[in-house]
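Colleague: Below are the sequence and a predicted model for it; my questions follow.
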Amino acid sequence: MTSTAQPAGPEGRKAHPDSLGHVIFITAAAAMGGFLFGYDSSVINGAVEAIRSRYEVGSAALAQVIAIALIGSAIGAAIAGRIADRIGRIRVMQIAAVLFTVSAVGSALPFAIWDLAIWRIIGGLGIGMASVIGPAYIAEVAPPAYRGRLASFQQGAIVLGIAISQLVNWGILNLADGKQRGQLAGLEAWQWMLGVMVVPALIYGLLSFVIPESPRFLISVGRIDRAKEVLGEVEGHRVNLDTRIAEIREAMRREHKSTFKDLLGGRAGFLPIVWIGIGLSVFQQLVGINVAFYYSSTLWQSVGIDPSSSFLYSFTTSIINIVGTVIAMIFVDRIGRRPLALIGSAGMTVALALEAWAFSAKTAAGTLPSAEGTVALIAAHCFVLFFALSWGVVVWVFLGEMFPNKIRAAALGVAASAQWIANWAITASFPSLSDWNLSGTYVIYMIFAALSIPFVLKFVKETKGKALEEMG
């Protein structure tokens, strides 16, 4: 796929669906991929310590099993667009649903640590495909007047998936008497945690059979009559559908299919704007946000908190993530992208500094004194809040807006790849770093949060209120 949504011409701007509820249902069904994205990314949090115990693996090997899903995610994201252009957006959703289902079953019933890693790679493929196809499909079916609000469904679904996975993990742990390896119907609790993802995966797959194919793809394969039907469903029958088809065809004809070569320039390799996009992606991950979603239960247990409470804190953190995301959605178009990013960076720096200070008081018995424990919990929640209301949302907004039309698709791909790589680096390194020095690890994350402030001030330009054609 190249750009995900054509500019709306005169007919597109008139589009208002006959049934907004139907369009919301279609969007929500597609956003189930985002829900699975969030769920699969975070559900492993509840199983980390049980996997360590079951297979008697060290921190480095455990980290690779946790992080290896991100390799699959990078591959899935890289191939999803081309597959979607050949067989359609709906078919890619169905493939992702199958991958999610297979991964859930395999992860719940592994023979050994090596095949658990394979199932996680397969799930990662589904994550990568869902992360690309969901926003693309929503942009292509959403009426222009509602596109921004409907596009936010994807991010909302991701943070909801994270929260639900933590709630389910906490519920399963309590059913197993607070033991991650406690027996439930012949399986250990952690196996149920990973296996329950079968339910949303099947729902996603079933929903994909009842929503229409993207009109853009239908036009590309010559199914014009069906494209008109779908446009009538989502944009309303008051629109002149023949003219609307012509507008989309013209937009597709004028599109430039950007390539990697278009991104190169000067002694620095990439064009400056591409490096800025890479920088945004990398800083988003190097503050350590995914530690909060992959390892928070392990983190709290490592400082003396019992498993049931640690799971509950993971759930409350994910609720804070939802609250912060909603705040960002409300204010990103009101106060702008740069101010939100700067507010978030400042807040994260302070919160991470407080976490580093609190963890420095860890005793030889592996616990925190009462005061430091309270500070660590509050600071961890504040860190997630400031990330969610800023970098969690605005980076994706920036990446969708900041590049010139000519290179947008290719530049987005490079920036997204950089983000997956940085995500992998943080996820794979945390167990070993925390064994070395937990407080020092948070000092590292704090430094990256602090460095993001001058980076935004010097290099990142505000994109609020500018047409895409003005970029670059």
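Modeller: On my side now, so go ahead.
Colleague: okay, CA-based contacts and neighbour counts for the rest of this
Modeller: Will do.
Colleague: Kindly list the main-chain dihedrals of residue 439?
Modeller: phi -60, psi -40 (degrees, to the nearest 10).
Colleague: pLDDT value on it, please?
Modeller: Model confidence at residue 439, expressed as pLDDT, equals 93.
Colleague: Now the closest residue to it other than its chain neighbours: which helix or strand?
Modeller: Distance criterion CA to CA, 6 or more residues apart in numbering; nearest residue to residue 439, sequence neighbours excluded, is residue 356 at 4.4 Å. Residue 356 is part of helix 337-359 when elements are defined by DSSP states H and E.
Colleague: pLDDT on the helix or strand just after that helix, on average?
Modeller: Next helix or strand after helix 337-359 toward the C-terminus (DSSP H and E): helix 370-388. Taken as a whole, helix 370-388 has an average pLDDT of 92.
Colleague: now do stretch 302-309
Modeller: So the average pLDDT for stretch 302-309 ends up being 78.
Colleague: How about stretch 281-296?
Modeller: 89.
Colleague: what's it in contact with?
Modeller: Around stretch 281-296, the neighbours that count as contacts under CA atoms under 8 Å, 6 or more residues apart in numbering are 41-45, 48, 66, 162, 310, 314, 318, 384, 387, 391-392, 395, 415-416, 418-419, 422-423, 426-427, 430, 445-446, 448-449, 452.
Colleague: Which ones among those residues lie within helices?
Modeller: Using DSSP state H, the subset of those located in helices is 41-43, 48, 66, 162, 310, 314, 318, 384, 387, 391-392, 395, 415-416, 418-419, 422-423, 426-427, 430, 445-446, 448-449, 452.
Colleague: Low-confidence stretches in the stretch 51-200 of the chain?
Modeller: 147-148 (pLDDT under 70).
Colleague: where do the strands sit along it?
Modeller: Counting by DSSP state E, counting those that start in this stretch, the stretch 51-200 of the chain has strands at residues 183-184, 187-188.
Colleague: May I see those strands organised as JSON lines, with mean neighbour count and distance to residue 70 added?
Modeller: Shown next, in JSON lines, are the strands of the stretch 51-200 of the chain (neighbours: other CA atoms under 10 Å; distance: least, CA to CA, whole Å):
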{"stretch": "strand 183-184", "mean neighbour count": "16", "distance to residue 70": "29"}
{"stretch": "strand 187-188", "mean neighbour count": "17", "distance to residue 70": "25"}
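Colleague: of all those, which lies closest to residue 97?
Modeller: strand 187-188 (24.0 Å; CA to CA).
Colleague: Pairing partners for the closest one, with directions?
Modeller: Next to strand 187-188 in the sheet, as set by DSSP bridges, lie strand 183-184 (antiparallel).
Colleague: Now for residue 330, how many residues are close by?
Modeller: Residue 330 is flanked by 12 other residues according to other CA atoms under 10 Å.
Colleague: what does residue 414 give?
Modeller: 18.
Colleague: State the pLDDT value of it.
Modeller: Per-residue confidence at residue 414 stands at 83 (pLDDT).
Colleague: quick one: contacts for it?
Modeller: With CA under 8 Å, 6+ apart, residue 414 has these contacts: residue 278.
Colleague: quick one: it and residue 79, what's the gap?
Modeller: Distance, residue 414 to residue 79, by CA to CA, to the nearest Å: 13 Å.
Colleague: Report the inter-axis angle for the helix or strand that residue 330 is a member of versus helix 370-388.
Modeller: For residue 330, the host element (DSSP H and E) is helix 307-331. Relative orientation of helix 307-331 versus helix 370-388 (axes from the mean of the first three to the mean of the last three CA atoms, to 10 degrees): 40 degrees.
Colleague: Report the buried residues of helix 307-331.
Modeller: Buried residues in helix 307-331, counted by 16 or more other CA atoms under 10 Å: 307-308, 310-329.
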